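Asks: my questions are about this predicted structure, shown below with the sequence.
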Amino acid sequence: MNQYQDMLEKIFYEQKKLVEYLGADRYPKRTEERVSALMTAIIHEAIELQDLTSWKWWKRPSGFEIERAQTELIDILHFVIQAALELQMTPQKLLNTYINKNYVNRERKRSGY
């Protein structure tokens, strides 16, 4: 096991513990519904992160707060990891799938995609 897998194992472990602690009273019962709810959460967290970037060109820009942005990014990561768990991905499967898709993206760039 390499250091990257160790880190992913820790993240998955901590996410599982968090979900156990939070309970699931209002969490959808079917996998498809859970994944849909998680994607909605990711979208909303991404909007919160985007709001920190002063993307509204018609407004006076505010200072970019990197620590707040990092926190929003971690909120997104919580939901991404939970979605991976819902889709029965292990840390190893996530890493392998990422590496394979990274390769595909590089090949697309190389071939002028």
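Replies: Yep, it's here.
Asks: now do the buried residues in stretch 28-46.
Replies: R34, A37, L38, A41, I42, E45 (16 or more other CB atoms under 10 Å). C-beta here means a position set from N, CA and C on the backbone, and glycine is covered the same way.
Asks: with the residues you listed in mind, which one is nearest to K109?
Replies: I42 (25.4 Å; CB to CB).
Asks: from F79, how far off is that closest one?
Replies: 5 Å (CB to CB, to the nearest Å).
Asks: helices - which of the buried residues of stretch 28-46 land there?
Replies: The helices, defined by DSSP state H, take in R34, A37, L38, A41, I42, E45 from the buried residues of stretch 28-46.
Asks: help me confirm that the first one comes into contact with Y27.
Replies: Yes. With contact defined as CB atoms under 8 Å, R34 and Y27 form a contacting pair (6.5 Å).
Asks: quick one: contacts of the helix or strand of the chain with the lowest mean pLDDT?
Replies: Sorting the helices and strands of the chain by mean pLDDT, DSSP states H and E puts helix 3-22 at the bottom, at a mean of 92. Identification of contacts with helix 3-22 by CB atoms under 8 Å, 6 or more residues apart in numbering yields M1, L77, H78, I81, Q82, A84, L85, T90, P91, Q92, L94, L95.
Asks: same deal with stretch 64-77?
Replies: Counting by CB under 8 Å, 6+ apart, I11, I42, E45, A46, E48, L49, L52, T53, S54 sit against stretch 64-77.
Asks: give the buried residues for that stretch.
Replies: Buried residues in stretch 64-77, counted by 16+ other CB under 10 Å: A69, E72, D75, I76.
Asks: using TSV, lay out these together with pLDDT and secondary structure.
Replies: Listed next are the buried residues of stretch 64-77 as TSV, based on pLDDT from 0 to 100; DSSP: H, G, I helix; E, B strand; the rest coil:
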residue	pLDDT	secondary structure
A69	97	helix
E72	97	helix
D75	98	helix
I76	98	helix
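Asks: with that, I have no additional questions.
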